[in-house]
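A.B. asks: I'll drop the sequence and a predicted model, then ask my questions.
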Amino acid sequence: MPPLARYFSISYKKWTDTLRGRIDFLNLCPAVSLDSKMQTLVNDIGNGAGRCDAASMNASSMVWRGSDDGGRYISNAMPGYCSSYAQNVYTDLKNTVPRYVGIPERNGYWVEASNYPQALAEYNARIEAENRQSWNN
């Protein structure tokens, strides 16, 4: 636990400096020199740790529509650092990373993998209700 506390206590005024400090800390581990995949994991952890949960991805994936209505949507493109982190050969996260429910144009969003079946059912029910309402108008 002390190394984790030390890692998350690294904080600078600029977020980019915080990321660099955390990556530098991780690079102190002797295992980093094993191979390039371990070095990639260090960068993935440094760039994505704490930012690859559904809530963070919903906040960071917000895209403004280029329309007059001022709308926005949540992109269904997983941030590269999350994708790389989840697919690294030294992690076993493929079945636990957040999943995207729906489509961006119909207000899709990211959910934790364990909540996906329920969220998908709720999303589909909402879309069906919206479709019925638009047909009745």
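C.D. replies: That came in fine, so what should we check first? Just so we're clear, the structure is a prediction, and the values are computed from it rather than from any experiment.
A.B. asks: tell me the mean pLDDT for stretch 58-66?
C.D. replies: Computed over stretch 58-66, the mean pLDDT rounds to 82.
A.B. asks: swap that for stretch 97-106, please
C.D. replies: In this model, stretch 97-106 has an average pLDDT of 94.
A.B. asks: Other residues contacting that stretch?
C.D. replies: For stretch 97-106, the surrounding residues in contact (Cβ atoms under 8 Å, 6 or more residues apart in numbering) are 52-54, 57, 63, 73-76, 78, 82, 86, 108-113, 116, 119-120, 123, 127, 130. C-betas here are computed from N, CA, C, even on glycine.
A.B. asks: where are the low-confidence patches of this protein?
C.D. replies: Applying pLDDT under 70 to the chain flags residues 65-70, 137.
A.B. asks: distance of the most centrally placed residue in it from V89?
C.D. replies: With distances taken as Cα atoms, centre = their mean, C52 lies nearest the centre of the chain, 3.3 Å away. Computed with Cβ to Cβ, to the nearest Å, the distance linking C52 and V89 is 17 Å.
A.B. asks: counting contacts, what elements does the longest helix belonging to the chain pack onto?
C.D. replies: Ranked by residue count and defined by DSSP state H, the top helix of the chain is helix 116-136. In terms of contacts (3 or more Cβ pairs under 8 Å, 6 or more residues apart in numbering; DSSP states H and E), helix 116-136 is packed against strand 99-101.
A.B. asks: check which helix or strand covers W110.
C.D. replies: strand 109-111 (DSSP states H and E).
A.B. asks: Give me the contacts around that strand.
C.D. replies: 54, 57-58, 61, 74, 98-102, 119.
A.B. asks: Partner strands of it and their direction?
C.D. replies: strand 99-101 (antiparallel) (DSSP bridges).
A.B. asks: Check which residues of stretch 49-67 are buried.
C.D. replies: Neighbour-count burial for stretch 49-67, counted by 16 or more other Cβ atoms under 10 Å, picks out 49, 52, 54, 56-58, 61.
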